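>>> Sequence first, then the predicted structure:
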Amino acid sequence: MKRNGYIVLLVAVLAWGIAAVVSGSPGVGLVGSGASVTHATAPRCLPATLEHSASLPGTAIDVSPAPGTDTANPVTQISVLGTSVTSIRDVSVVGSKSGSHEGHVSGYSQGDGGSFVPDRPFDPGERVTVRAVIDGTGAAKPIAFSFLIDTPYPTATTAEFPNPPAAPADYQSFQTLPGVQAPTLNVTVPDRDPAAGDILTTNGPGAGQYGPLIYTPQGQLVWFEKLSGGETAENLSVQTYEGRRDLTWWKGRVLSLGFGQGEDIVMDSHYKTVARIPGGNGLRADLHDFQIAPEDVAYITAFSPLRCDLTPLKGARDGTIVDTAIQEIDMRTGLVRWEWHSLDHVGASESETETPRDATPWDWFHVNSIDPQPDGNILISARSTWASYQLEGGTGKILWRLGGLKSSFKMGPGTETAWQHDGRILADGELTLFDDGSNPPIHRQSRALRIALDFKTHAARLAAVYTHPDPPLLAASQGNMQTLADGNILVGYGGLPAVSEFGRDGSLVFDAHLPFDMSFYRAFRFPWSGRPLSPPAVLASLNNTGEETIVHMSWNGATEVAGWRVLAGDHSASLPTRTTIAASGFESSTILPRKYAYAAVQALDSAGHVLATAKTVRVISYAASLPSPGRSG
């Protein structure tokens, strides 16, 4: 660290507070293109100048890769934003090594531009020159710009975080969901804000089963989608897509380097996936943020490890640096409308982490939030520079900085952050942040901050601060701050998987946590109503005497179930109602005072109307219902 007397070497995963494990040769491979490249020393990647602009002089057009950038991926598209696609013609794309590139121009669904998609990748290290003609209301205007292709660092063999089993006391299991071990949410301060809605979070990386999670404020499970194959879920939230309030979350691999490679997902209230955003330009969608803006435009984070000569910063000649990209994506077509790179705009010398002197990937910037503004500008937070940046929409230029080594504002008492997350600008212009303050510790405890900015005096003032009263909580990584509709504040502590809600007066009105050997990235509260397309689940078995029938029932994700109607009989075609019971949690159970051969259940709402009927099941023996090595629950 460059302040407070500390020296910190980032060993690949400072952002998560867990030691990195990186395998494979750092000198061979090419991310995203399927090609391979071998090189004795890393190329130059630190730009000679900063503050590249995506705007083409004399036009109203923004392009990416930005003119003069050194950070374009070998499989990049060439995006032209600010004109109709029919106005883009005579496109010529030539690589200094790979020669002329054929391709096609596809338009954005928003009608304001298009991307030239090359038929084959560019070569690492080459300069690409783009020429085209833009037809306008007057004379046609020729445009030309160039950019450099980077040399990606291969991550295909990079290890992921270990995923040990959770302790049995840390999870819930259910008869109706064999194999599922849903983390337990422990509520320590009962909810005093019921209108705020349910708790939305995830589990992982760490111990236990991974997946998105919804709980009631009482800690009752509502929905858990167990992931498999090493995939992790992060950042479960609610956003508006195509006029609906949908679930949004990220799914993929969390690398030991401290970022993710996967896809962002949109699910409707039936838990049906209605959109997937995998990222573009050779980069996979990262876990740190996914924001849906009007006209079905998505903003996502993407991390881009590059081979880089770091000797100008007293680092390794054969080094690796982790560049950060923000992509603006047309959700209907998947085309990248615009792309911004941290290396183009912020000096790597501004990092609060020390430059490695070996090939360890240097996560010098680490973007962790994107907040698109109504005026088209974008606020981002960067963990490793301790700063937030307001970007100008389109050009990508930095309009102002809050915190860090080059703050645009004089930082008032209590406003300086360390390793912070989740920068948001509120409607009144104030800015909120979750200040981790740790890894290594800078503050005594993590804080949720509300900061007022005075653009006349260029001063930042602490407007409010929220800290956990007892015990003090210090999160080594992750976390968020959500401003609720009623003005209350929800705080997710991330790597320390607690969630707290504070009243506007700072009082604690809700407090809960997952088991402390687990972790989540963010936690939110939203009112949520879900009705799955899949039917309820039912398991029926005889009791240990073989004379009575036990029926277990659940409907994963359903929020309107108030009761259950239990049907049973000796023939599958004839199942009379045997009893009706109130729902008693995620899974309800009852016992029927005689032996039956078949059973089914119907989920009922509060008025007694049938919401859904489960498939008829055969009643199994008592012995078959007991957990076994092949069937937990």
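In hand now; what should we look at?

>>> OK, contacts around Met411?
Taking CB atoms under 8 Å, 6 or more residues apart in numbering as the criterion, Met411 is in contact with Gly403, Ala460. Using the backbone N, CA and C atoms, a C-beta is placed for each residue, glycine as well.

>>> again but with Met267, I slipped
Going by CB under 8 Å, 6+ apart, Met267 touches Asp246, Leu247, Thr248, Trp249, Thr273, Val274.

>>> let's see it at 6 Å
Contacts for Met267 were tallied using CB atoms under 6 Å, 6 or more residues apart in numbering; they are Leu247, Thr273.

>>> any idea how far His458 lies from Ile591?
His458 is 71 Å from Ile591, where distance means CB to CB, to the nearest Å.

>>> for stretch 537-555, how far is the first residue from the last?
6 Å (CA to CA, to the nearest Å).

>>> ugh, wrong one, I meant stretch 330-348
End-to-end distance (CA to CA), stretch 330-348: 30 Å.

>>> Could you do stretch 261-272 as well?
End-to-end distance for stretch 261-272: 22 Å, by CA to CA.

>>> List the buried residues of that stretch.
Buried residues in stretch 261-272, counted by 16 or more other CB atoms under 10 Å: Gln261, Gly262, Glu263, Asp264, Ile265, Val266, Met267, Asp268, Ser269, Tyr271.

>>> Identify all contacting residues around the host helix or strand of Ala233.
Using DSSP states H and E, Ala233 sits in strand 232-241. Residues from elsewhere that reach strand 232-241, judged by CB under 6 Å, 6+ apart: 200, 202, 204-205, 210-212, 227, 245, 248-251, 254, 266, 287, 292, 521-522, 524, 526.

>>> out of the residues you listed, which are inside strands?
200, 202, 211-212, 245, 248-251, 254, 266, 292, 524, 526 (DSSP state E).

>>> now those residues: which count as buried?
Listed as buried from these are 200, 202, 211-212, 248-251, 254, 266, 292, 524, 526; burial here means 16+ other CB under 10 Å.

>>> Adding distance to Ala614 and pLDDT, write those residues out as a markdown table.
Below are these laid out as a markdown table (distance: CB to CB, whole Å; pLDDT from 0 to 100):
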| residue | distance to Ala614 | pLDDT |
| --- | --- | --- |
| Leu200 | 26 | 98 |
| Thr202 | 28 | 98 |
| Gly211 | 22 | 98 |
| Pro212 | 23 | 98 |
| Thr248 | 29 | 98 |
| Trp249 | 27 | 98 |
| Trp250 | 31 | 98 |
| Lys251 | 28 | 98 |
| Val254 | 35 | 97 |
| Val266 | 28 | 98 |
| Ile292 | 34 | 98 |
| Phe524 | 31 | 98 |
| Phe526 | 28 | 98 |
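
>>> Out of those, which two are the most distant from each other?
Spanning the widest gap among these are Val254 and Phe526, at 23.9 Å by CB to CB.

>>> Which parts of this structure are helices?
Along the chain, counting by DSSP state H, helices occupy 622-625.

>>> now it, which segments are flagged as low pLDDT?
1-40, 137, 629-633 (pLDDT under 70).

>>> Specify the beta-bridge partners of Asn183.
Not quite, residue 183 is Pro, not Asn. Counting by DSSP bridges, Pro183 is bridged to Tyr171.

>>> OK, contacts around it?
Pro183 neighbours (CB under 6 Å, 6+ apart): Tyr171, Asn203, Gly208, Leu514, Met518.

>>> Next: Gly204.
So Gly204 contacts Tyr210, Thr232 (CB under 6 Å, 6+ apart).

>>> Repeat the analysis, applying 10 Å as the threshold.
161, 163, 183, 210-211, 227, 231-234, 254, 518-521 (CB atoms under 10 Å, 6 or more residues apart in numbering).

>>> Ok, Arg192 next?
By CB under 10 Å, 6+ apart, Arg192 lies in contact with Pro217, Asn488, Glu501, Gly503, Ser507, Leu508, Val509, Phe510.

>>> Please apply the same query to Gly206.
Residues near Gly206 by CB under 10 Å, 6+ apart: 16, 18, 161-164, 166, 232, 254, 495, 497, 514-520.

>>> try 7 Å this time
Asp517, Met518, Ser519 (CB atoms under 7 Å, 6 or more residues apart in numbering).

>>> Using ChimeraX, make a named selection holding only the buried ones among those residues.
Remark: buried members of those, expressed as a ChimeraX selection using 16+ other CB under 10 Å:
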select :518,519
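
>>> Can you get me a residue count around Asp486?
Residues lying near Asp486 (other CB atoms under 10 Å) number 10.

>>> Repeat that for Ala139.
By other CB under 10 Å, 7 other residues sit near Ala139.

>>> Identify the residues contacting it.
For Ala139, the contact set (CB under 7 Å, 6+ apart) is empty.

>>> Looking at the backbone only, give me phi and psi for the residue positioned nearest the centre of the chain.
Residue closest to the mean C-alpha point of the chain, counted by CA atoms, centre = their mean, is Leu287 at 3.3 Å. Main-chain dihedrals, Leu287, degrees, to the nearest 10: phi -80, psi -20.
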